[in-house]
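1. attaching a predicted model along with its sequence, questions to come.
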Amino acid sequence: MKKRGLADLFFLLLVGYLILPVLATMLYAFASKWNKTILPEGLTLKWLSTLFQDTEFIQAFGRSVFLAGGAVSIALLIIVPAIFVIVLYFPKYEKWIQMAVVMVYSFPGIILAVGLIRVYSQIGIPMIFVVLGAYVVGILPYIYQGTRNSLRNIDARQLLDAAQLLGASKRQAFTKILLPTVYPGLFAGALLSFSVLFGEFVLINLVVGSRFETVQIYLMKKLSTSGHIASAVVFIYIVLMGLLTFVIAIVTKRSKGATNL
Amino acid sequence: MSYLVIEGLHKNYGQSTVLSNINMEIEKGEFITLLGPSGCGKSTILRIVAGLTDASAGKIAIEGKDMCGVQPKDRQVGMVFQSYALFPNMTVQENVAFGLRMQKVHSVDLEQRVQEMLALVHLSEKAHAYPKELSGGQQQRVALARALIVRPKVLLLDEPLSALDAQIRKKLQTDLRAIQRKLSMTMILVTHDQEEAMAVSDRIFVMNNGSIAQSGTPTEIYTRPENEFIANFIGHYNVFMRQDLEQMLGEPLSEQYSKFAIRPEALHFDKKNNDMCLTGKAKQSLMSGNIIRTTFEGETLFTMEQLHQQGYSIEMGKTYKCYVAKEDVIALS
């Protein structure tokens, strides 16, 4: 009993350590005044309302969605078919993808940013497209793992063979059988990638900076002017991430028969 | 001309030869089995017939039409896979209907044919279940229904029962044979289980190392093995070197052959006219269902099989005389 009690205490301490800062930040977004008291002196929706009336924030939010969504869409269009072809028809080349996945992790943001600026700034390509391209490569691990794990749970090659023997073309076999089967894993990977890119700050700040203000850069700016507004931005970010996580959980749980991440 | 003709089929992967000069002629409505150990090339033949793998050389013709260059989807060949390969995103009904949807069959006709097929494989009540909600035997019946519904000219069965437990396997063997007879469909089964092959086939092609070692009816294959590989693979044959057997029998055998085989159940204790005699000391007795399998030690070890009701109680360590009819001593090439 004593051991159990001690374990519970440590667990609560850990949960408190992780949750309290988040709760405090979220509470600060609704606090009218919170300077000398343990809890806020009053609650208000003023900061959230101010935020949603600020066109700068709305534009920054839109840019973040555009950038993250664009990178994920390009990755789905390019990387996913490539992974399918390699896994199904040229498995010996899979080691190269795995190597690329590891390399993505091995580049610190600052080095990547300096490298991108040095290579691409003189060529004349708008740097925002360079960041977009870097984002597409950056989410390779999430998209690859999502797709590969889904394919690992099924004998994809045999499903394709079975569909073709029943009169389906290769394209029909892919769209009617394989894609719906791996869809939950793929969707979860895409949402995960979106949430990672939506919160990305280092690369966009160093390569483009305020020329393309995303939510993260907007947040950085607001930190020096209003803690309440900054907390409201964080609150919206957390709610968005919570929603994405909820959708991932629902999709991976609901899809009968299909394989999960 | 036969319904399905395989002529001079070869398959190489790099330097290694997987199939070597395979020739088969199969009639319409025949149930053929390719029997052999793992890796002997039997599944490769099925994949080549289906068009899923290209042959290095040779020809395949169905109903006289050369299949060279014909896409799998246009061959009218069905296949049931060992791992079932059911579409996990579709219900049983949708799986079975898939082939008809690809053929753009009218929905009324499609509905009727799916219901008939589900009834044939006794799965009507599972129509709306997903594959992962079914047992192995049920999944295999869905796979069979899905392949049969498009009325293929030839149905290929790639070890479809090997993942199932013995009881369900036996039941499905009977069902499979009954369905094949009912639909008069040409089927080619791949298996490494000789009992399964014997139970369902009109003819068996026994394969070894990428070529056909012997072909014939189950009775021909079982009672007249042509070589040591068949004798060992097809049953529990006693295979003797000629000199050993001559010493044990005490009479000369044809010098044309170096090895001879005797079926364990062809040995008995009661002497009949012209029987040959093997003498050996009883070493070990094992019960296998309704069969008692006893090992004797003579010049070499040999095994005898008896049914329980034959009532012979064999004492271990005692020497016995076992008799065999002359025609049951089979010369191996």
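-> Thanks, I have it.
2. from here on, just use CA atoms for contacts and neighbour counts.
-> OK.
3. what residues does the stretch 101-250 of chain A put near chain B?
-> Residues of the stretch 101-250 of chain A that fall close to chain B, judged by C-alpha under 8 Å from any C-alpha of the partner chain: A:155, A:158-159, A:161-169, A:177, A:180-181.
4. among these, which ones are in strands?
-> Applying DSSP state E to these, no entry is found in strands.
5. of these, just the buried ones, ChimeraX syntax please.
-> Buried members of these, defined by 16 or more other C-alpha atoms under 10 Å in any protein chain shown, are picked up in ChimeraX with:
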select /A:158,159,161,162,163,164,165,166,167,168,169,177,180,181
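6. and the pLDDT for the spatially closest residue to B:Lys271 that is not a sequence neighbour?
-> Distance criterion C-alpha to C-alpha, 6 or more residues apart in numbering or on different chains; nearest residue to B:Lys271, sequence neighbours excluded, is B:Tyr323 at 5.9 Å. According to the model's per-residue confidence, B:Tyr323 sits at a pLDDT of 91.
7. kindly provide the distance from the residue lying closest to A:Leu43 once chain neighbours are set aside to A:Ala24.
-> Closest residue to A:Leu43 apart from its sequence neighbours, by C-alpha to C-alpha, 6+ apart: A:Ala31 at 4.6 Å. The span separating A:Ala31 from A:Ala24 equals 10 Å under the rule C-alpha to C-alpha, to the nearest Å.
8. what about those two, which has more around it?
-> The residue with more neighbours, out of A:Ala31 and A:Ala24 and counting by other C-alpha atoms under 10 Å in any protein chain shown, is A:Ala31; that gives 22 against 14.
9. contacts only, for that one.
-> A:Ala31 makes contact with A:40-44, A:228 under the criterion C-alpha atoms under 8 Å, 6 or more residues apart in numbering or on different chains.
10. how about a cut-off of 7 Å?
-> The neighbourhood of A:Ala31, defined by C-alpha atoms under 7 Å, 6 or more residues apart in numbering or on different chains, consists of A:40, A:42-44.
11. B:Gly216 too?
-> By C-alpha under 7 Å, 6+ apart, the residues touching B:Gly216 are B:203-205.
12. report the beta-bridge partner residues of it.
-> When bridges are taken as DSSP bridges, the partners of B:Gly216 come out as B:Ile204.
13. just the helices in the stretch 101-250 of chain B please.
-> For the stretch 101-250 of chain B, helices defined by DSSP state H, counting those that start in this stretch occupy the ranges B:107-120, B:136-148, B:166-183, B:194-200, B:218-223, B:228-234, B:242-249.
14. which neighbours do A:Ala31 and A:Ala24 share?
-> Common contacts of A:Ala31 and A:Ala24 (C-alpha under 7 Å, 6+ apart): none found.
15. point me to the residue of the stretch 101-250 of chain B nearest chain A.
-> Of the stretch 101-250 of chain B, the residue with the smallest distance to chain A, taken as C-alpha to the nearest C-alpha, is B:Met102 at 5.6 Å.
16. number of nearby residues for that residue?
-> When neighbours are counted by other C-alpha under 10 Å, B:Met102 registers 17.
17. what's the burial count for A:Gln82?
-> In this structure residue A:82 is Ala, not Gln. Around A:Ala82 sit 14 other residues, with neighbours defined as other C-alpha under 10 Å.
18. before we move on, the earlier item: got the contact list for the residue of the stretch 101-250 of chain B closest to chain A?
-> Residues in contact with B:Met102 (C-alpha under 7 Å, 6+ apart) are A:167-168.
19. distance of B:Asn208 from B:Gln194?
-> 14 Å.
20. so is A:His228 in a helix, a strand, or just coil?
-> Three-state assignment for A:His228 (DSSP: H, G, I helix; E, B strand; the rest coil): helix.
21. mind checking pLDDT for it?
-> With respect to pLDDT, A:His228 scores 87.
22. what about the nearest residue to it once chain neighbours are set aside, neighbour count?
-> Take A:His228 and drop its neighbours on the chain: the residue closest to it by C-alpha to C-alpha, 6+ apart is A:Ala29, 5.1 Å away. Per other C-alpha under 10 Å, the neighbour tally for A:Ala29 reads 25.
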